[in-house]
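Undergrad: Sequence and predicted structure, then a few things I'm wondering about:
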Amino acid sequence: MDTGLENRNPMTSDAKTRQYRWIIFWVLAFGYILVYFHRLCPAVVAVDMMKDLQTGGGLTGFLSAAYFYSYAAMQLPAGLLSDSWGPRNTITVFFLVAFVGSVLLGFASSAAMAIAGRLLVGVGVAMLFVPTMKILSEWFTPVEFAPMTGILMAMGGIGSLSAATPLVLLSGAIGWRMSFVAVGVLTLVLSLLVWIFVRDCPEDMGWVSLNASVKASSSSIGLMAGFRTVVSCPHFWPLAIWFFSTAPCFLLLLDCGADHISCTFTICPNPRPATFFRCWLLASSSAAHFSVFYPTGYFTLENPFFSSQR
């Protein structure tokens, strides 16, 4: 019997692609939860870290800076590696780097060691979002791509919330050091899951791509040509300016504002006010995002993706 018959059957291959892509998506989505968890977790246990490492309040700022500077610096390499090395390989290897950084932070004996750990974490988790976008573009159709990106961003919000009360409870049970080690181990597990389950495109599984007709009618362009296409698009700049202006304020408040307000009003022992404040910020940010993207029609029933789900 020809064992390759099933793979050459377009209908069977199409059905398998539509089923398996959700496994890939949820593995990557849980990875994105970890990205936001890593981003905000030091602020939750900052007081314990400062006492243990015998440093002042500047430690929180240095830890945040180490993460964000390394995260930002790796965005262009993330795209280049996704194209040359493949998204799956990129995410797997760099999540291992984040694992090492988180464990190093957990066993840090000095502020410098803690900052080095955060630097590695920033480098590692920076390699998830861009490669994930490339994977989603291969496994989902152009009509589905925007809604799936929105769902992925929502999972990041869940990661922000999980870095509040759940981390406070975990730190209270096993200490802040072992909490970071545990998060590092979870990052290692996600790295293994990406390697086992995620594939760059349906063709890697021997299946037919859902975007075969789009690929056939499109031509590849160079890096600089693609860059010029993006920056010359008039619709790009309003969103770019909006994100550039709002993201620092949002992340600053979410990272430090809740704890600062809690301490100002002498309610530090109770994590609930900080958690409530984070929930409020996330809700406000979500409303702002919706107000920006709603006019595009991405989240309306006129979008063919949502129409097909009714």
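TA: That came through fine. Residues are numbered from 1 along each chain as shown.

Undergrad: just checking, what packs against the helix or strand where residue 64 lies?
TA: Element membership for residue 64 (DSSP states H and E) is helix 58-73. Judged by 3 or more C-beta pairs under 8 Å, 6 or more residues apart in numbering; DSSP states H and E, helix 58-73 is in contact with helix 10-44, helix 46-53, helix 111-125. (C-beta placed from N, C-alpha, C; glycine too.)

Undergrad: In PDB, list the C-alpha atoms belonging to the second one.
TA: Coordinates of each C-alpha in helix 46-53 appear next as PDB, following Å, rounded to 0.1, in the frame of the first residue of the first chain:
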ATOM      1  CA  ALA A  46      11.300  43.500  44.700                       C
ATOM      2  CA  VAL A  47      11.200  44.100  48.500                       C
ATOM      3  CA  ASP A  48      12.400  40.600  49.300                       C
ATOM      4  CA  MET A  49      15.100  40.800  46.600                       C
ATOM      5  CA  MET A  50      16.400  44.200  48.000                       C
ATOM      6  CA  LYS A  51      16.600  42.800  51.500                       C
ATOM      7  CA  ASP A  52      18.300  39.600  50.400                       C
ATOM      8  CA  LEU A  53      20.800  41.300  48.100                       C
END
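
Undergrad: which residues sit against that helix?
TA: Outside helix 46-53, the residues within contact range by C-beta atoms under 8 Å, 6 or more residues apart in numbering are 42, 55-57, 59-60, 108-111, 114, 171, 175-177, 259, 268.

Undergrad: For that helix, list every residue counted as buried.
TA: Residues 46, 49, 50, 53 are the ones in helix 46-53 that count as buried (16 or more other C-beta atoms under 10 Å).

Undergrad: Next, the angle from that helix to helix 111-125.
TA: When axes from the mean of the first three to the mean of the last three C-alpha atoms, to 10 degrees is applied, the directions of helix 46-53 and helix 111-125 differ by 130 degrees.

Undergrad: Okay, angle between helix 46-53 and helix 58-73 too, please.
TA: Using the same axes, to 10 degrees: helix 46-53 against helix 58-73 is 110 degrees.

Undergrad: on that earlier part again, buried subset of the contacts of helix 46-53, written for PyMOL?
TA: Burial among these is assessed by 16+ other C-beta under 10 Å; the matching PyMOL selection reads:
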select buried, resi 42+55+59+60+108+111+114+171+176+177+259
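
Undergrad: ok so, going back, can you say which of the helices and strands packed on helix 58-73 is packed in most?
TA: When the helices and strands packed on helix 58-73 are scored by mean count of other C-beta atoms under 10 Å, the highest mean neighbour count falls to helix 111-125 (a mean of 22).

Undergrad: residues making contact with that one?
TA: Residues contacting helix 111-125 (C-beta under 8 Å, 6+ apart): 34-35, 38-39, 42, 49, 53, 55, 59, 62-63, 66-71, 74, 94-108, 180, 187.

Undergrad: Can you say which of the residues you listed are buried?
TA: The buried subset of those (16+ other C-beta under 10 Å) comprises 34-35, 38-39, 42, 49, 53, 55, 59, 62-63, 66-68, 70-71, 74, 94-106, 108, 180, 187.

Undergrad: what residues are up against residue 186?
TA: Contacts of residue 186 (C-beta under 8 Å, 6+ apart): residue 34.
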